[in-house]
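> Curious how this folds, go ahead:
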Amino acid sequence: MSVKIRLQRHGRKGKPFYWVVAADARSKRDGRSLEKLGTYNPNTNPATIELDVDATVKWLQNGAQPTDTAKAILSHKGALLKNHLAGGVKKGALTEEQAEKKFQAWLDEKTAKVSEKESALAKAEEDAKSKAFEAEKEINDKRKAAAEEVENAAIKAEADAKAAKEAAAKAEEAPEDKGPQSIEEAAEEAKEEGK
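Modelled structure (predicted):
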């Protein structure tokens, strides 16, 4: 019986979620498996991978062959490296402590890279939110300025109309002064006022 380490699809339509399993190569994709080794969720950024490394290494040492996608996941989590180091220990090239030390150093470096990527993504998301907030604030300020301008124009038009009404009312109330029709009549009126 040949054993494959592969992905078994779960989740709903459009939102896949995978189990990493050791299964008989002849069984269906979502069929019976021998052991569940971990999970893979590609819906998050970065993808969430949980894997039992020791159980995976045991299956690899017993001859299980990973599929291409499963191989990438195992490599990402360090299962292939741990299998490689275990082979070195069997051959006598490394001691168990040296192999564990190398694996732990690699794991720490990988964890630092992942946390750096997560912080960069969080910072990018925060920057995008702040830019959107500033753009929205700018649009709101423009809307307020336009509304104030329209309101001021309406107030000014109302004041002009009121002033025109008042001027018309004053013109009707004041008696009509008939101005002199000629220079001679104006001179006579001036003489009369002087007396």
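> Counting neighbours, show which residues of the helix or strand containing residue 18 come out buried.
Under the assignment given by DSSP states H and E, the secondary-structure element containing residue 18 is strand 15-24. Going by neighbour count (16 or more other Cβ atoms under 10 Å), the buried part of strand 15-24 is 17-23. No exception for glycine: its C-beta is placed from N, CA and C like everyone else's.
> what are the ranges of the strands in the protein?
Using DSSP state E, the strands found in the chain span residues 3-12, 15-24, 35-41, 48-51, 65-66.
> strands paired with the first one, and their directions?
Within its sheet, strand 3-12 is paired with strand 15-24 (antiparallel), strand 65-66 (parallel), according to DSSP bridges.
> Just want the angle from it to strand 35-41.
Using axes from the mean of the first three to the mean of the last three Cα atoms, to 10 degrees, the inter-axis angle of strand 3-12 relative to strand 35-41 is 50 degrees.
> hmm, back to that, nearest to residue 49 among the buried residues of strand 15-24?
residue 20 (8.2 Å; Cβ to Cβ).
> how much space is there between the spatially most central residue of the chain and residue 93?
Against the mean C-alpha coordinate of the chain, by Cα atoms, centre = their mean, the closest residue is residue 125 at 4.2 Å. Taking Cβ to Cβ, to the nearest Å as the measure, residue 125 falls 45 Å from residue 93.
> same thing with residue 78?
As for residue 78, its distance to residue 93 is 19 Å (criterion: Cβ to Cβ).
> So for these two, which residue has more residues nearby?
Taking neighbours as other Cβ atoms under 10 Å, residue 78 and residue 93 compare with residue 78 leading, 20 against 11.
> so the more buried one touches residue 53, yeah?
Yes. Judged on Cβ atoms under 8 Å, residue 78 makes contact with residue 53 at a distance of 6.3 Å.
> chain center to the helix-or-strand element of the chain with minimal mean pLDDT, what's the gap?
Taking mean pLDDT, DSSP states H and E as the measure, helix 183-194 is the helix or strand of the chain with the lowest mean score, a mean of 73. In this view, helix 183-194 has its centroid 89 Å away from the chain centroid, taken as Cα atoms, centre = their mean, to the nearest Å.
> What is it packed up against?
Applying 3 or more Cβ pairs under 8 Å, 6 or more residues apart in numbering; DSSP states H and E, we find helix 183-194 packed against no helix or strand.
> Give me the buried positions along stretch 3-11.
Within stretch 3-11, the residues that count as buried by 16+ other Cβ under 10 Å are 3-8.
> Kindly report the same for stretch 81-91.
For stretch 81-91, by 16+ other Cβ under 10 Å, it's 81-83, 85-86.
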